[in-house]
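Asker: I'd like to go over a predicted model; first the sequence, then the structure.
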Amino acid sequence: MNARATGLLLNVAHALDHLFLLIFATAVTAIAADFGMARWEDLMPYGAGAFVLFGIGSLPAGRLGDLWGRRRMMLVFFFGMGASALLAASVGGPWQLAAALVVLGAFTSIYHPVGIPMLVRHSVRPGLTIGINGLAGNLGVAFSALLTGILVKYAGWRIAFVVPGLVAIACGIAFARLAPREESPPARRRGQGASPDASFARLFLVMTIASITASFIFNLATNGNAELLRERLAGIIDDPAWLGALLAAVYAIGSLAQLVVGHLIDRVPLKYLYAGIVGLQVPLLALAASATGWTLYVLMVLFMIVIFGAIPFIDAMIVRYVDDSHRSRVSGMRLTVSLGVSAGAVWALGPVVKAGGFSTLLLCMAATAALTLVAVLCLPKPGDTRMAAPPGSPRAAD
């Protein structure tokens, strides 16, 4: 019973992780108006620090997860994220908000290198487990759009931070009571991963490049879609609550791709499946660049399906090829590089849209998707994808 409840809370944690990261982007117009700023694009760069910390914080989080314990780190995640959201709700200006979002980003960085390895450790079908977890994360993206839109309309942007903050603290209390204590930190456990045959450095490099470009697209899409809909549906739907509901529907539909992909990862060669999904992003994003109205909305549903559908692959590779004793550290290293670099997408979003419009942004995303495809095609062929343990680990020395 406790194991099932722990798994449920770990999936809820993934939803909260992505929900918190997008509150600012969804409420940015209301926040800018409250701070006396004429354009939302001018406030958007202030949120970049959260995504920088979301990336670089993964390295110490992953190390602490392996060496100190994943259960302890998840408690820090829940309570720290809740407290920092309450802090963000109390700020009085752009720079104070930027600082609060940096603190929030530091706590959100804990989940991916710690929560996912904790969830899949005993999984019989890790692909499906990752798919369900990815669905939970993307439902958090969807619910962020819906919840934030409603709260901003009826209670103000500050309450849009307060409500999820209190939910995170409540989940932390439940996790403390239900999650079983670890007998020892993961770093002291051995022999729970794949046997090393190929080069760790090569696969890690390809995986990181693909992760950087994919994260760049994901950040641009999830942080820009609210304003993209607002612009391209102007005169059709202008109510922020309805726009939030439409965006939530996009994310909810796109999230279902996670279940399909998770199911297929356990059955189809990972390289070919990954390449096919990434390849579809290029034409869909290019077509969306010139679309308006409901045509744009349909294309948004389609390109978010394939953007979300690409998410499980990196975690699936880590689970398949890396021993559990150092999965959090490997995940942390990958996330630090990929999310740290792709955090630039949040900083660039406002200036790019201000200078060239959403058409330019979507064409840049299509070009980035093409780079992701090139990286994926450099993965080893099926049958030659066993990853070696990281240098210096006991398995690498065998």
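Answerer: Noted; the coordinates are in hand. Numbering: from 1, shown residues only.
Asker: Gly49 contacts Leu104, doesn't it?
Answerer: No. Gly49 is beyond contact range of Leu104, at 9.3 Å (criterion: C-beta atoms under 8 Å). For every residue, glycine as well, the C-beta is placed using N, CA and C.
Asker: Look at these two and report which has more neighbours.
Answerer: More neighbours surround Leu104 than the other of Gly49 and Leu104, with 29 against 22 (other C-beta atoms under 10 Å).
Asker: Which strand or helix spans that one?
Answerer: helix 94-108 (DSSP states H and E).
Asker: Report the mean confidence score over that helix.
Answerer: In this model, helix 94-108 has a mean pLDDT of 94.
Asker: now swap in stretch 265-275 and tell me
Answerer: 83.
Asker: Can you get me the start-to-end distance on it?
Answerer: For stretch 265-275, the first-to-last residue distance is 13 Å (C-alpha to C-alpha, to the nearest Å).
Asker: quick one on the thing from earlier: mind exporting the C-alpha coordinates of the helix holding Leu104 to PDB?
Answerer: Taking Å, rounded to 0.1, in the frame of the first residue of the first chain, the C-alpha atoms of helix 94-108 are listed here in PDB:
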ATOM      1  CA  PRO A  94      10.200  42.600 -11.200                       C
ATOM      2  CA  TRP A  95      13.600  42.000  -9.600                       C
ATOM      3  CA  GLN A  96      12.100  40.600  -6.400                       C
ATOM      4  CA  LEU A  97      10.000  38.300  -8.500                       C
ATOM      5  CA  ALA A  98      13.100  37.200 -10.500                       C
ATOM      6  CA  ALA A  99      14.900  36.400  -7.200                       C
ATOM      7  CA  ALA A 100      11.900  34.400  -5.900                       C
ATOM      8  CA  LEU A 101      11.700  32.500  -9.200                       C
ATOM      9  CA  VAL A 102      15.400  31.600  -9.000                       C
ATOM     10  CA  VAL A 103      14.700  30.100  -5.600                       C
ATOM     11  CA  LEU A 104      11.700  28.200  -7.000                       C
ATOM     12  CA  GLY A 105      13.800  27.000  -9.900                       C
ATOM     13  CA  ALA A 106      16.400  25.600  -7.500                       C
ATOM     14  CA  PHE A 107      13.800  23.400  -5.700                       C
ATOM     15  CA  THR A 108      12.100  22.300  -8.900                       C
END
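Asker: what comes into contact with that helix?
Answerer: By C-beta atoms under 8 Å, 6 or more residues apart in numbering, the residues outside helix 94-108 that reach it are 17, 20-21, 24, 31, 35, 37, 43, 46-47, 49-54, 57, 76-77, 80-81, 84-85, 87-88, 91.
Asker: Buried ones from those, can you make that a PyMOL selection?
Answerer: Selection of buried members from these for PyMOL, criterion 16 or more other C-beta atoms under 10 Å:
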select buried, resi 17+20+21+24+31+35+37+43+46+47+49+50+51+52+53+54+57+76+77+80+81+84+85+87+88+91
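Asker: centre of the chain versus the helix or strand following the helix holding Leu104, how much separation?
Answerer: Using DSSP H and E, the helix or strand that follows helix 94-108 towards the C-terminus is helix 111-120. Relative to its chain's centre, helix 111-120 lies at 13 Å (C-alpha atoms, centre = their mean, to the nearest Å).
Asker: Return the set of buried residues in helix 111-120.
Answerer: Under 16+ other C-beta under 10 Å, the buried positions of helix 111-120 are Tyr111, His112, Pro113, Val114, Gly115, Ile116, Pro117, Met118, Leu119, Val120.
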